[in-house]
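Undergrad: Here you go, sequence then predicted model.
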Amino acid sequence: MVKMTATYSGQLHCELTHEPSQSKIETDAPKDNMGKGENFSPTDLVGGALLSCVLTTIAIVANRDKISIEGMRGEVTKEMVTQPTRRIGSLPLSIYLPASIPTEYRSKIEHVAHSCPVHKSLHPDVQMPMTFFYT
């Protein structure tokens, strides 16, 4: 169990605190929803959480299997929809992995990526296509 707290600081800004580490994140509403877009929006954090979870989950398995993933990186684009209600519609991801990863190991990495806890926690209406690049 991990406790986090939030304080509303006005003008659609919040400060989140991760209690175990005391690290902080500030949020703002996005420009298209009455905010200034000065920080991550709450829905931006969902996209970021998905991307970092995918990379972390791949890293856990690759490290366990002694496969180098040095230089791995990723991108996510948050796409909102407004019907039937404003929500995240899709979070397409691009995952860039080293070309040195053995061909026979790649399907395992791609399966693991789709099994990360954030991916499994999001509603199935949120599309989360992943494209993998080995460069």
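TA: Perfect, I can see it now.

Undergrad: Helices of this structure, start to end?
TA: 42-64, 103-113, 117-121 (DSSP state H).

Undergrad: Mean neighbour count, distance to residue 91 and mean pLDDT for the ones you listed - can I get that in CSV?
TA: For glycine as for every other residue, the C-beta is placed from the backbone atoms N, C-alpha and C. Below are those laid out as CSV (neighbours: other C-beta atoms under 10 Å; distance: least, C-beta to C-beta, whole Å; pLDDT from 0 to 100):
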stretch, mean neighbour count, distance to residue 91, mean pLDDT
helix 42-64, 17, 5, 98
helix 103-113, 14, 13, 97
helix 117-121, 14, 9, 98
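
Undergrad: how about the ones you listed in JSON lines, adding distance to residue 20?
TA: JSON lines is the format used below for these (distance: least, C-beta to C-beta, whole Å):
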{"stretch": "helix 42-64", "distance to residue 20": "17"}
{"stretch": "helix 103-113", "distance to residue 20": "26"}
{"stretch": "helix 117-121", "distance to residue 20": "17"}
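
Undergrad: Indicate which one of those helices is closest to residue 19.
TA: Comparing those against residue 19 with C-beta to C-beta, the closest turns out to be helix 42-64 (16.8 Å).

Undergrad: just the angle between that closest one and helix 103-113, please?
TA: Inter-element angle recorded for helix 42-64 and helix 103-113: 140 degrees (by axes from the mean of the first three to the mean of the last three C-alpha atoms, to 10 degrees).

Undergrad: now for helix 42-64, which elements pack on it?
TA: strand 23-28, strand 73-76, strand 87-90, strand 93-97, helix 103-113, helix 117-121 (3 or more C-beta pairs under 8 Å, 6 or more residues apart in numbering; DSSP states H and E).

Undergrad: Format those as CSV; extra columns: distance to residue 40.
TA: Formatted as CSV, the helices and strands packed on helix 42-64 follow (distance: least, C-beta to C-beta, whole Å):
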stretch, distance to residue 40
strand 23-28, 6
strand 73-76, 12
strand 87-90, 13
strand 93-97, 17
helix 103-113, 22
helix 117-121, 15
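
Undergrad: For the chain, which residue occupies the most central location?
TA: The centroid of the chain falls nearest to residue 50 when counting by C-alpha atoms, centre = their mean (2.4 Å).
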